[in-house]
Every structure is written in C-alpha cells, then in structure tokens.
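Visitor: Let's see this in three dimensions:
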Amino acid sequence: MAPSLMTSVQDDPVALAEIDLYGELMIAASATVEERLSADRIDEVLDVARVRPVRAN
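Guide: Numbers count the residues shown, from 1 in each chain. The predicted model follows:
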C-alpha cells in the first residue's frame, strides 16, 4: 500500500526501526578492518540468532 502524501517516516515505526538497524550496520562496517562484515558479525550487530536446520539421521 502506498503511503499517503501526508504520511512521513516519523509516523512509520517499522521504517524508523529499519533505518536504525541500517545505521548500526553502517557503523559496524566503518569500524571493521576487513573488507566485509561476516554473517556472524551482522547477526551480532542486528542482535539476531541464526537458526540452524536440524538434520535427520
């Protein structure tokens, strides 16, 4: 659904959260000496746990 002309980003908590997470990633990327952030570092910055699939025996 397209936002109305009267809607701003301040009215959208999801957009604000996404902007905040993007900012955290940018700060982490600028502070690293490696060329890229590892998947584990990205998970750490975003405070998420990667779900590992369970293998059937």
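Visitor: Can you list the neighbours in contact with the strand or helix carrying I19?
Guide: Using DSSP states H and E, I19 sits within helix 13-31. Residues outside helix 13-31 that contact it (CB atoms under 8 Å, 6 or more residues apart in numbering): 9-10, 37, 41-42, 45-46. Every C-beta, even on glycine, is put in place using the N, C-alpha and C of the backbone.
Visitor: Mind checking which of the residues you listed are in helices?
Guide: 41-42, 45-46 (DSSP state H).
Visitor: What subset of these is buried?
Guide: 42, 45 (16 or more other CB atoms under 10 Å).
Visitor: Looking at the ones in helices among the contacts of helix 13-31, which is nearest R55?
Guide: I42 (24.1 Å; CB to CB).
Visitor: any idea how far V48 is from that closest one?
Guide: Separation of I42 from V48 (CB to CB, to the nearest Å): 9 Å.
Visitor: what's the answer for E34, then?
Guide: Applying CB to CB, the value for E34 to V48 is 20 Å.
Visitor: just A15 next, same as before
Guide: Per CB to CB, A15 is found 19 Å from V48.
Visitor: if you count what's nearby, which of those two comes out ahead?
Guide: Legend: neighbour count by other CB atoms under 10 Å for A15 and V48, higher for A15 (14 against 10).
Visitor: where's the more buried one relative to E34, distance?
Guide: 29 Å.
Visitor: same check, this time on L21
Guide: For L21 relative to E34 (CB to CB), the value is 20 Å.
Visitor: So for those two, which sits in the more crowded spot?
Guide: Each of L21 and E34 has its neighbours counted (other CB under 10 Å); L21 has more, 14 against 8.
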